[in-house]
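Engineer: kindly generate the corresponding structure for this input.
(one chain, ligands or ions: 1)
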Amino acid sequence: MALIDIIKQRKSTRKYLDKPIAREDIIKCIEAARLSPSADNIQPWRFIVIDDAEYKKKFCAEVLTGIFRRTRFIEKAAVIVVLVAKTHLIVHRIGKRVVKTDVQLLDMGISGEHIVLQAQELGIGTCWINMFNPKRAKKFLNLSSNYRVISLIAMGYPAEGGTKDRRDLSLEDIMFFNKDSRHRL
Ligand SMILES: Cc1cc2nc3c(=O)[nH]c(=O)nc-3n(C[C@H](O)[C@H](O)[C@H](O)COP(=O)(O)O)c2cc1C
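Structural biologist: As a prediction, this is how the structure comes out:
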């Protein structure tokens, strides 16, 4: 399938079939992430793949408390991928002070979307999740201080009614050639 068709098919999936995802397919998704571009080729990404039912339950109970309870739907996802970034002293800590851009976050976003698109090609639904407690996740996962929990991606075969239609901005709203952006942004 052409990439644009995979992109058009993708929707955040919040209801999942009770069907496991083969490790082979999970690995294909992580492989797609592994090949992402990153600032200074640091490759800060690490992916913790939670596909054990008991461990997933414990993880969700820990990180989806209080205001994050509404994210409990991911307990039913076959897999939760925890996106963890390793912090590089020069590029991430010092570089951020100079350039002001959080390239670590950009790198993680790119690699995560590679997971999402590869999953889509395999017929697996995904949902990016930032409504969870990253501090509790870091503690639960026993990560050392130079690792940062960035996001989760829930993965599962889509069940009916698990996606929503959305209103998309038009190209006119978002794209500006040359000086066209003046007085419009
Ligand atoms: C960085 C990021 C964080 C998100 N966090 C959540 C979340 O915590 N819970 C949730 O249900 N959806 C979450 N989403 C999904 C968005 O709500 C969804 O992408 C958006 O509404 C557009 O819908 P679509 O993905 O179906 O096209 C997140 C998406 C992104 C990119």
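Engineer: in the helix ranked longest in the chain, what's buried?
Structural biologist: Taking DSSP state H as the assignment, the helix of the chain that covers the most residues is helix 103-121. Buried residues in helix 103-121, defined by neighbour count with 16 or more other CB atoms under 10 Å: 103-105, 107-109, 111-121. Placement of C-beta: from N, CA and C, glycine included.
Engineer: residues near L64, how many?
Structural biologist: Residue crowding around L64 was assessed by other CB atoms under 10 Å; the count is 23.
Engineer: measure it to the ligand for me?
Structural biologist: In this structure, L64 and the ligand are 10 Å apart, going by CB to the nearest ligand atom, to the nearest Å.
Engineer: please state the backbone phi and psi of that residue?
Structural biologist: Taking degrees, to the nearest 10, you get phi -120, psi 50 for the backbone angles of L64.
Engineer: check contacts around it.
Structural biologist: For L64, the contacting residues are T71, R72, I74, E75, F132, N133, taking CB atoms under 8 Å, 6 or more residues apart in numbering as the criterion.
Engineer: S36 too?
Structural biologist: Each residue near S36 by CB under 8 Å, 6+ apart is listed here: Q43, W45, D107, I110, S111, H114.
Engineer: 10 Å instead, please
Structural biologist: S36 is in contact with Q43, W45, D107, M108, G109, I110, S111, G112, E113, H114, I115, counting by CB atoms under 10 Å, 6 or more residues apart in numbering.
Engineer: tell me the secondary structure for it?
Structural biologist: Following DSSP: H, G, I helix; E, B strand; the rest coil, the label given to S36 is coil.
Engineer: output the contacting helices and strands for the longest strand seen in the chain.
Structural biologist: Within the chain, and with DSSP state E defining each element, the longest strand by residue count is strand 147-156. Using 3 or more CB pairs under 10 Å, 6 or more residues apart in numbering; DSSP states H and E as the contact definition, the elements that strand 147-156 packs against are helix 23-34, strand 45-50, helix 53-63, strand 79-86, helix 103-121, strand 125-129, helix 134-140.
Engineer: just send the ones you listed back as JSON lines, with mean pLDDT too.
Structural biologist: Putting the helices and strands packed on strand 147-156 into JSON lines (pLDDT from 0 to 100) gives the following:
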{"stretch": "helix 23-34", "mean pLDDT": "98"}
{"stretch": "strand 45-50", "mean pLDDT": "98"}
{"stretch": "helix 53-63", "mean pLDDT": "98"}
{"stretch": "strand 79-86", "mean pLDDT": "98"}
{"stretch": "helix 103-121", "mean pLDDT": "97"}
{"stretch": "strand 125-129", "mean pLDDT": "98"}
{"stretch": "helix 134-140", "mean pLDDT": "98"}
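Engineer: can you add distance to A154 and give those back as JSON lines?
Structural biologist: Compiled in JSON lines, the helices and strands packed on strand 147-156 are given as follows (distance: least, CB to CB, whole Å):
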{"stretch": "helix 23-34", "distance to A154": "12"}
{"stretch": "strand 45-50", "distance to A154": "10"}
{"stretch": "helix 53-63", "distance to A154": "10"}
{"stretch": "strand 79-86", "distance to A154": "6"}
{"stretch": "helix 103-121", "distance to A154": "10"}
{"stretch": "strand 125-129", "distance to A154": "5"}
{"stretch": "helix 134-140", "distance to A154": "14"}
